[in-house]
Structures are given as structure tokens and as C-alpha cells.
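> No letters, just coordinates:
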């Protein structure tokens, strides 16, 4: 399954300054595995050393909070979109 | 037309304040909207909205809410206008540099709309005063610039049952939502805990597009207005993501988390120590940090002492101003660079003001380094005390 990730500008710098990038996987977690295998510096910014989600980085699968649809184990389909939204505090 | 706008003739709610003839004229384009109308405008006049922060987000929110006729605007801020604020904080002008932000805001808002009462709260919002201040208002607009105050505002809004019109920005991205309503989620439902200090740079460190708070703060003002008027679909259970570079607005769904300690289980019954919660407290308990002033550093460099000088700012900051001989290792990549550092040598770390370099010093201390110094005041103080040709930004 090919999934499109949408990244904020703070993370785009770690994937070659692009804000939209595709990755493959049957679940959100596997697609993230694929993404970070290509951009290892992204890994610690998306999840902890054990692969668990951080409480300050949220993922939305087709605009639905991934925590409510199975977390990183949520199944994905071709063309699905995952939006990554880290906490920011600027004002 | 004037006769039909007589409040007594049009309004059914006698508890709302009346509008003067000047106000009727001033708000005439609102009065023509069936969704606002005379009673709506009177609701706006009766409303009390609190802006936490008179900075990037608070500026456009305050100006538009004042222009729209919100009767009472409370503003919490303790800061002074700095020239680096002016590219985005449109409440303040060049002549206000050095003035308190509240004094500047009051002058500007009086000019925008003399019918608005501005209530200044010249203080830092803390666990000790947040409930007392927030309780005085109907709606809160969160325009703060740090995680501690964001969690404080959220929790105080839950405890006082006040809606929290949230906005946040960084670089080219913004977030907007309405939290803390009777059935909707709160900030903790989305972000249960803040990132550890140093992981997410502040706007002072990472930069922000000056126009972005204009977009996000105006969206917050719109939501505050809708809440007061009781019209439209408030941004409850939805998080709007503003992408200024892509010119896209994305809406994701968020929900109340039944396990949320603030609005779910309600186990959070009082405000907490937010510095500790966000990991920025108890530095006094940590190992002492060696510090070096820019003048002392300049003397060591002039003597050709064996010093490894590291700049932990971003490359674009280094392009603006740098100290000759410094090795650039942005803080985000610092942990990866630690194995390449020689712990036998004296390591001196600087950034823009001394905050990020302190984080890097702590990382080295945690890795067992002992001969590590933080440059007090960063390159800004270097420019003041050592080399005035170095640009300040």
C-alpha cells in the first residue's frame, strides 16, 4: 500500500525539504518504518526508541486521529493520507 | 433605517446593553447580517473576552475583536515591546519599542474602537492567578508562546468551564481549535504531554513567518466571536492546520479522550506546577553549569587557548552572525555529534541567547563530559560586549 505523508515545515527539513512524501506499508506503523528507513534522522522525531508514539506528536489517518482507529496498527489502503502534527507552542 | 435600528424597538433581550447612535453607525455592516443583527451586536458589547498574550496571535485577535465591538477585552502580558516583535505583532509600532506591551495595546485599541474597555493584567499567568483572572471572562483566547502556559490556560479553562480558543504557530504552520467546551476535547486530549525542553525550538530560535500569526490569530478571533454570538459551527472537535507555504487549510478530527486527566476523568482538580510538568524546573537540583561570558571567551580565544567552540544554532542563523572559529552543530543534530567530541578538551557552546546552548551543555554533562561551558547571553551579548560588527537578530 502506498501512503502519502504530510509533514509540517519543521520536519520537512529532514526529508529533503519536501512536505509531502510517499511510503509503503500495510499499516500506519509499517509505513512509518519505511519512511524512517529512508530518512533515519526523522525517526527520533516521530516516535520513541521503542517505536511507541510520543504524547506530543499526533498522526491523522485520512484526517482521523490515528489513536482512535487502531494507532500505529491501523490498516491503510492505497492512496491513504497520514498527516503528522507535532505540538508547537509559538504565539 | 436609523429608526429600525433602535435597540428598544428591535431587541427582545433587555438584559443586554444598548448601543449609542455612534455605535449603531459604526457597526452598521454587522447589523445588516441576520446572523449578528442588533441583538448580536449587543451580545458582543456585553461580552468579556480574555487574550492571554499580546504578541503575534494576540495582536490581530485583539484588533479585530476590538473593531468588532467586544465590550471588554482583558489582556494578560508582562513583556516589553522589542524590535524583533514588530514583523508580526501588529498591535505595536516602531515608536512602542521599549514600552510595555499592555500600554502599547491599550493605546492602539483605543484608537481602533474607543467603545471597548481594555482590562490590563500586567503579570505572568501562573497557577496562583490563572483561575481568578480567567473566571472574570466568558471566552479565553490562547496566544501564549510556551508549553507551560498553554497547559496552564487549558487546565484553568477546564476548571472554570470557559472555552479556550487555541492557536499556535511555528515557522510556516499554524494550528487552531476550540477547546474546553462542555462536550469537546481539550488541549491535553490532543497532546497529553509536552515535548521535552529543547526538542521543539521556539519561534525565537526557529523563526516564524510574520504573516502567519495574522492568519491564525484572525481565525481565533473569528471563533471567539462565533462563540459569543452563538452562530455557525464552532471549531470544536476539529483542529485546523494552516499551511502557509502550501496555501492549504486542512481540518483533522479530534475527540475528547475519556482518559484525559483534565476533561475526561477530571482527576486534575487544581492547577499544577507547569514548569515541572514541562521539564523546565529544578535546574538548581542538577549539576552546576559552567558559564563563560563573551569577554572571557574572547580573552581565551585571543590567547589561543585550546578551546573547542561550538555553535548550536541553525545554519541560517550562522549565516546572519557568527563567532570566528566556531563549529556549527545545530541543536537537533547535537546528540549525534557527541561521539565525535573530545572530552579531554575544553568545550564552549554558544547559541543566540544562551538557552539552546544550555540544553547542549546538559546533554554533554549527561554523557559524562565535565569541561563544558555555556556562553552567557550567546552571540547577542558577544555583539554587545566584544564585537559590535556582529549582527543582532
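Perfect, thanks for sending it. Not measured: the values here are computed from a predicted model.
> how much space is there between residue B:260 and chain A?
According to Cβ to the nearest Cβ, to the nearest Å, residue B:260 and chain A sit 11 Å apart. Glycine gets a C-beta too; all of them are placed from N, C-alpha and C.
> In contact with that residue, which residues?
Applying Cβ atoms under 8 Å, 6 or more residues apart in numbering or on different chains, we find residue B:260 in contact with B:185, B:186, B:188, B:189, B:192.
> surely residue A:53 meets residue A:47?
Yes: contact criterion Cβ atoms under 8 Å: residue A:53 and residue A:47 qualify, at 5.6 Å.
> so what's in contact with those two at the same time?
What both residue A:53 and residue A:47 touch, as defined by Cβ under 8 Å, 6+ apart, is the set residue A:72.
> where's residue B:177 relative to chain A, distance?
On the measure of Cβ to the nearest Cβ, residue B:177 and chain A end up 11 Å apart.
> any idea of the mean pLDDT for the helix or strand containing that residue?
Element membership for residue B:177 (DSSP states H and E) is strand B:173-179. Here strand B:173-179 scores 98 as its mean pLDDT.
> Now the element after it, going C-ward?
Counting by DSSP H and E, the next helix or strand C-terminal to strand B:173-179 is helix B:187-190.
> Touching the helix or strand just after that next one from outside, list them.
Heading C-terminal from helix B:187-190, the first helix or strand you meet, by DSSP H and E, is helix B:203-206. Residues from elsewhere that reach helix B:203-206 (Cβ under 8 Å, 6+ apart): A:10, A:90-91, B:56, B:84, B:145, B:169-171, B:313-314, B:351-353, B:355-356.
> let's see 7 Å
A:10, A:90, B:145, B:170, B:171, B:352, B:356 (Cβ atoms under 7 Å, 6 or more residues apart in numbering or on different chains).
> Any residues of the stretch 1-150 of chain B in contact with chain A? List them.
Counting by Cβ under 7 Å from any Cβ of the partner chain, the stretch 1-150 of chain B comes close to chain A at B:53, B:55, B:56, B:57, B:143, B:144, B:145, B:146, B:147, B:150.
> My guess is the fifth one contacts residue B:167. True?
Yes: the pair residue B:143 and residue B:167 qualifies as a contact (Cβ atoms under 7 Å) at a distance of 6.4 Å.
> just checking, residue B:76 touches residue B:122?
No: Residue B:76 is beyond contact range of residue B:122, at 8.3 Å (criterion: Cβ under 7 Å).
> more crowded one of the two?
residue B:76 (27 against 13; other Cβ atoms under 10 Å in any protein chain shown).
> Contact partners for the nearest residue to that one once chain neighbours are set aside?
Of all residues not flanking residue B:76 in the chain, residue B:121 sits nearest, at 4.3 Å (Cβ to Cβ, 6 or more residues apart in numbering or on different chains). Residue B:121 makes contacts with B:74, B:75, B:76, B:133, as judged by Cβ under 7 Å, 6+ apart.
> For residue B:30, see how far away the third one is.
Residue B:76 sits 27 Å away from residue B:30, taking Cβ to Cβ, to the nearest Å as the criterion.
> Let me know the next secondary structure element after the longest helix seen in chain A.
When chain A is parsed with DSSP state H, its longest helix is helix A:28-38. Note on helix A:28-38: by DSSP H and E, the next helix or strand toward the C-terminus is helix A:43-46.
> what is the mean pLDDT for that next one?
Computed over helix A:43-46, the mean pLDDT rounds to 91.
> so what does it touch, helix or strand wise?
Here helix A:43-46 touches helix A:28-38, going by 3 or more Cβ pairs under 7 Å, 6 or more residues apart in numbering or on different chains; DSSP states H and E.
> and residue B:276, how many neighbours?
Counted with other Cβ under 10 Å, residue B:276 comes out at 11.
> likewise residue A:62?
Residue A:62, neighbours per other Cβ under 10 Å, totals 17.
> Need the pLDDT of it.
pLDDT, residue A:62: 98.
> For burial, what's the neighbour tally of residue A:77?
Using other Cβ under 10 Å: residue A:77 sits among 11 other residues.
> Between the contacts of residue B:121, which sits nearest residue B:302?
residue B:76 (46.3 Å; Cβ to Cβ).
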